[in-house]
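Novice: one predicted model, sequence on top.
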Amino acid sequence: MQNNVPIVAVVIPCFCVKRQILGVLDGVGAEVANIFVVDDCCPEQTGTFVELNVKDPRVRVIRNPVNLGVGGAVMAGYRAAIAQGADVIVKVDGDGQMDPALIFDFVAPILAGEADYTKGNRFFYLEAIRAMPKIRLFGNAILSFMTKLSSGYWDLFDPTNGYTAIHADVARQLPFEKISCRYFFETDMLFRLNTLRAVVIDIPMDAKYGEEVSNLKISKIIGEFLFKHVRNFLKRIFYNYYLRDLSLASIELPLGIVFMMSGSCFGLFHWMSSLKAGVATPAGTVMLAALPILIGLQLILAFLGYDIASIPRRPLHVLRRSVKHQVLQLRNKQD
């Protein structure tokens, strides 16, 4: 921060966006101090194209020697922005689908101390949803629910939205080497932010769909996404409910699963036995199977209620700043 003016940096990962990149750069406003164009081993040599055609002194081209995917490109941009002393880092795609005029909308809640990380939400305005391709609408609805479970941010939607901003103090704490580098990047970021207890909020926005072709093939990534969501969910539950803290919810979840599984197995066994014997299952046996299932369901719902209420509310960078200020005051008193 120079002269109490926050330094805002923009990171633009580039891969086959040569036709759109100049328009994106032209739209970046004066509130941005540095622009990092990350050429992710682009076959169109977008980085060289930018160097030859852009005279803006704020623009700096970074080249990845091999293609690392959008996550790897963003991490390279984050490192460069942090090294240049940025306070807030905004990530904008180079394909022209994200309006650079919205940059301040993403930065403002962070500078106001209301959030550590902001992300776009194309579903906020119902009228705008009609313009979204139906396949994207359906896919985002499924991915959003899976992300809520795995990340713990139940109040967020549109998890694959790549228009984001992050406070540099929070970005420094991210395990860059562990974050997924390719299409799971945005979702994995949310999981990592939850482990830090960072505050994340949605920013309403519209998306523009042009002639660009997405490289994302649902049939190829659905299995990978499902596996990674389950993995992150289990990690998050272990970190938040057993390693860091222990609460009533820590007991409700495993107990609910045990009750539901035992009731289901008991009921299935007796149903199969009755089917083979050709006799009706006694009402008492049905109740013995249904009761633990209902109890287990209630326990799991109670856990979900606790989990939803546990969404981080106090921005991490504000807390760190407060602690740092108190430490400095204590040192000054001692001196």
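Specialist: Looks like it came in fine. As the structure is a prediction and not an experimental result, all values here were calculated from the model. Residues are numbered from 1 along each chain as shown.
Novice: quick one: name whatever helix or strand follows the longest helix anywhere in the chain.
Specialist: Ranked by residue count, the top helix of the chain under DSSP state H comes out as helix 248-277. Downstream of helix 248-277, the next assigned helix or strand under DSSP states H and E is helix 283-309.
Novice: quick one on the thing from earlier: how about the longest helix of the chain: buried residues?
Specialist: Within helix 248-277, the residues that count as buried by 16 or more other C-beta atoms under 10 Å are A249, S250, E252, L253, L255, G256, F259, M260, G263, F266, G267, H270. For the C-beta atoms, the positions are set from N, CA and C on the backbone; glycine is no exception.
Novice: and that helix, what does it pack onto?
Specialist: Packing partners of helix 248-277 (3 or more C-beta pairs under 8 Å, 6 or more residues apart in numbering; DSSP states H and E): helix 283-309.
Novice: repeat that with 10 Å
Specialist: Helices and strands touching helix 248-277, by 3 or more C-beta pairs under 10 Å, 6 or more residues apart in numbering; DSSP states H and E, are helix 218-238, helix 283-309.
Novice: could you chop this protein up by domain?
Specialist: Using automatic domain parsing, the domain parsing of the chain gives 8-241, 246-334.
Novice: just these: most buried one?
Specialist: Of all the domains of the chain, domain 8-241 has the most neighbours on average by mean count of other C-beta atoms under 10 Å, namely a mean of 18.
Novice: please enumerate the strands of the protein.
Specialist: In the chain, the strands defined using DSSP state E lie at 8-14, 34-39, 59-63, 88-91, 117-121, 164-167, 200-204.
Novice: pull up the pairing partners for the longest one, direction included.
Specialist: Just to be clear, that refers to strand 8-14. Sheet pairing for strand 8-14, assigned by DSSP bridges, gives strand 34-39 (parallel), strand 88-91 (parallel).
Novice: on that earlier part again, turn the helices and strands packed on helix 248-277 into a markdown table, including mean pLDDT.
Specialist: Formatted as a markdown table, these follow (pLDDT from 0 to 100):
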| stretch | mean pLDDT |
| --- | --- |
| helix 218-238 | 84 |
| helix 283-309 | 95 |
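Novice: dump the ones you listed to a markdown table, plus distance to I110.
Specialist: Putting these into a markdown table (distance: least, C-beta to C-beta, whole Å) gives the following:
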| stretch | distance to I110 |
| --- | --- |
| helix 218-238 | 23 |
| helix 283-309 | 24 |
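Novice: tell me which of those sits nearest to G96.
Specialist: helix 218-238 (22.5 Å; C-beta to C-beta).
Novice: partner residues bridging K119?
Specialist: Here K119 sits in beta bridges with T164, D202, as judged by DSSP bridges.
Novice: need the residue closest to the centroid of this protein.
Specialist: L190 (3.0 Å; C-alpha atoms, centre = their mean).
Novice: what's near enough to touch that residue?
Specialist: Going by C-beta atoms under 10 Å, 6 or more residues apart in numbering, L190 touches 117, 119, 147-148, 150-153, 156, 159, 164, 198, 200, 232.
Novice: give me that answer again for 8 Å
Specialist: Shown in contact with L190 (C-beta atoms under 8 Å, 6 or more residues apart in numbering): T147, S151, Y153, L156, P159, V200.
Novice: from Y242, how far off is the fifth one?
Specialist: Separation of P159 from Y242 (C-beta to C-beta, to the nearest Å): 25 Å.
Novice: go ahead and confirm I311 touches D155.
Specialist: Yes - contact criterion C-beta atoms under 8 Å: I311 and D155 qualify, at 6.0 Å.
Novice: please report phi then psi for G85.
Specialist: Backbone torsions of G85, given as degrees, to the nearest 10, read phi 80, psi 20.
Novice: per-residue confidence for the closest residue to it other than its chain neighbours?
Specialist: Distance criterion C-beta to C-beta, 6 or more residues apart in numbering; nearest residue to G85, sequence neighbours excluded, is I7 at 5.8 Å. pLDDT, I7: 94.
Novice: who's in contact with I7?
Specialist: Residues in contact with I7 (C-beta under 8 Å, 6+ apart) are M1, A33, N34, Q84, G85, A86, D87, V88.
Novice: now the strands paired with strand 8-14 in CSV, with distance to G27?
Specialist: What follows is the strands paired with strand 8-14, written out as CSV (distance: least, C-beta to C-beta, whole Å):
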stretch, distance to G27
strand 34-39, 11
strand 88-91, 12
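Novice: which one of those strands lies nearest to F123?
Specialist: Among those, strand 88-91 sits nearest to F123 (C-beta to C-beta), with 19.4 Å.
Novice: quick one: contacts of the closest one?
Specialist: Contact with strand 88-91 is made by 6-13, 32, 74, 77-78, 81-82, 103, 106-107, 110-111, 162-168, 171, as judged by C-beta under 8 Å, 6+ apart.
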